[in-house]
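S.K.: quick one: sequence and predicted model below, then my questions.
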Amino acid sequence: MSTPAPEPQPLILNNASLKISTDETVLNLKELACVTNHIEVSPDVSITTLDTMCGSRDYPGTIKWALIATLYQSFDPDATEDVLSQAVAGGVPVAFSVAGYRDVASGTATNPEWSGLVIPQPYSPINGDAGDASTVELEWSIVGEPTRTPPVATP
């Protein structure tokens, strides 16, 4: 009789890591986890539909990746406004990394990391209602495809 496999543990995003650099290097990555409320590394898969006299047919289009995040605004050093404003002002793609757990080593089988370059876009620096925290909504395009460390093993 074999032992049943252990039950998989879901990733609960209460300790995730979001780092954004102020330039294109990983040397200047700044941890923004403590001002992050929502995070996604998300593919946008477009479909191209061709209509002909024989009907319509869908074809796979290009895949565009995005870093989508909701941050709470903070004017503290190395926090939201400081990091994002420098990233946008540089006018070049900047490094980013995302991992499920920030308090353990990333880039491992149990804590993979997704990284690459994002194209910073202007954002609303103050946004919210009376009495609520000001939030910053980001949807920055990723240059190419994000890199997963470690890479997915192929059979």
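M.R.: Received it, and whenever you're ready, just let me know what you need.

S.K.: what about the protein, any weak spots by pLDDT?
M.R.: Applying pLDDT under 70 to the chain flags residues 1.

S.K.: SS state for the nearest residue to Glu40 once chain neighbours are set aside?
M.R.: Nearest residue to Glu40 in three dimensions, chain neighbours excluded: Ile68, at 4.1 Å (Cβ to Cβ, 6 or more residues apart in numbering). Every residue, glycine included, has its C-beta placed from N, CA and C. Secondary structure assignment for Ile68 (DSSP: H, G, I helix; E, B strand; the rest coil): strand.

S.K.: I figured Ile68 hits Asn37, correct?
M.R.: No - contact between Ile68 and Asn37 fails when scored by Cβ atoms under 8 Å: they sit 11.7 Å apart.

S.K.: could you give the bridge partners of the residue nearest to Glu40?
M.R.: Glu40, Glu139 (DSSP bridges).

S.K.: what about it, distance to Thr22?
M.R.: Using Cβ to Cβ, to the nearest Å, one obtains 20 Å as the distance from Ile68 to Thr22.

S.K.: could you do Ser46 as well?
M.R.: Counting by Cβ to Cβ, the separation of Ser46 from Thr22 is 31 Å.

S.K.: show me what contacts Gly100?
M.R.: 11, 13, 15-17, 111-112 (Cβ atoms under 8 Å, 6 or more residues apart in numbering).

S.K.: now do 6 Å
M.R.: By Cβ atoms under 6 Å, 6 or more residues apart in numbering, the contact list for Gly100 reads 11, 16, 111.

S.K.: closest to Ala133 among those residues?
M.R.: Relative to Ala133, the closest of the contacts of Gly100 is Ala16; by Cβ to Cβ it sits at 18.5 Å.

S.K.: number of nearby residues for that closest one?
M.R.: For Ala16, the neighbour count with other Cβ atoms under 10 Å is 15.

S.K.: distance of it from Ala66?
M.R.: Counting by Cβ to Cβ - Ala16 and Ala66 are separated by 17 Å.

S.K.: before we move on, what about Val92?
M.R.: 18 Å.

S.K.: more neighbours, Ser46 and Thr22?
M.R.: Thr22 (22 against 10).
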